[in-house]
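Participant: Sequence first, then the predicted structure, then my questions.
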Amino acid sequence: MSEQLEKEGRKELPKFAQATKMLLHEDSRSRITQWTFAPGEQTGWHRHKYDYVTVQQSGGGLMLHGADGSETWVAYENGRTMAWTAPIEHNAVNVSDCEVRVLEIEYKQPVSPA
């Protein structure tokens, strides 16, 4: 995953338990992390320095609290993908009443055109 951050200078969030993350793969070009969020769990403030895609593996949804004070609701649907452009600084919280699962695939190097 990206770099964990301290809360200094960021919106104070309710104290929730941390979501579970499992590193599935990492090499010089990419990193794949499996995230599992029980209801109310969060990632903690972190910064993405690489572009990445997410592959949703459940229903439910996350609230993304941005460093700029924004809040973005992301509805989950099994198999849905989303692409994200770095840099991004945020905290993700499961605000649904079911477990949320997602694969995060980070691109450490730019992808070359075919």
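Facilitator: Happy to help now that I have it. The model shown is predicted, which means the values in this text are computed figures rather than measured ones.

Participant: in the protein, which spans are helices?
Facilitator: For the chain, no helices turn up when DSSP state H is the criterion.

Participant: So for it, the centremost residue is which one?
Facilitator: Central residue of the chain (Cα atoms, centre = their mean): A92, 6.1 Å from the mean position.

Participant: For E104, which non-adjacent residue is spatially closest?
Facilitator: T33 (4.7 Å; Cβ to Cβ, 6 or more residues apart in numbering). Every C-beta, even on glycine, is put in place using the N, C-alpha and C of the backbone.

Participant: residues touching the one you found, list them.
Facilitator: M1, K21, M22, L23, L24, L103, E104, E106 (Cβ atoms under 8 Å, 6 or more residues apart in numbering).

Participant: what pLDDT does the residue nearest to the centre of the chain get?
Facilitator: pLDDT recorded at A92 is 96.

Participant: same thing with E3?
Facilitator: 49.

Participant: Over to L13?
Facilitator: Per-residue confidence (pLDDT) for L13: 55.

Participant: Equivalent analysis for G9, please.
Facilitator: 50.

Participant: Then F16?
Facilitator: The score at F16 is 70. That number is its pLDDT.

Participant: correct me, but it touches G40?
Facilitator: Yes: the pair F16 / G40 is scored as a contact, 4.9 Å apart, by Cβ atoms under 8 Å.
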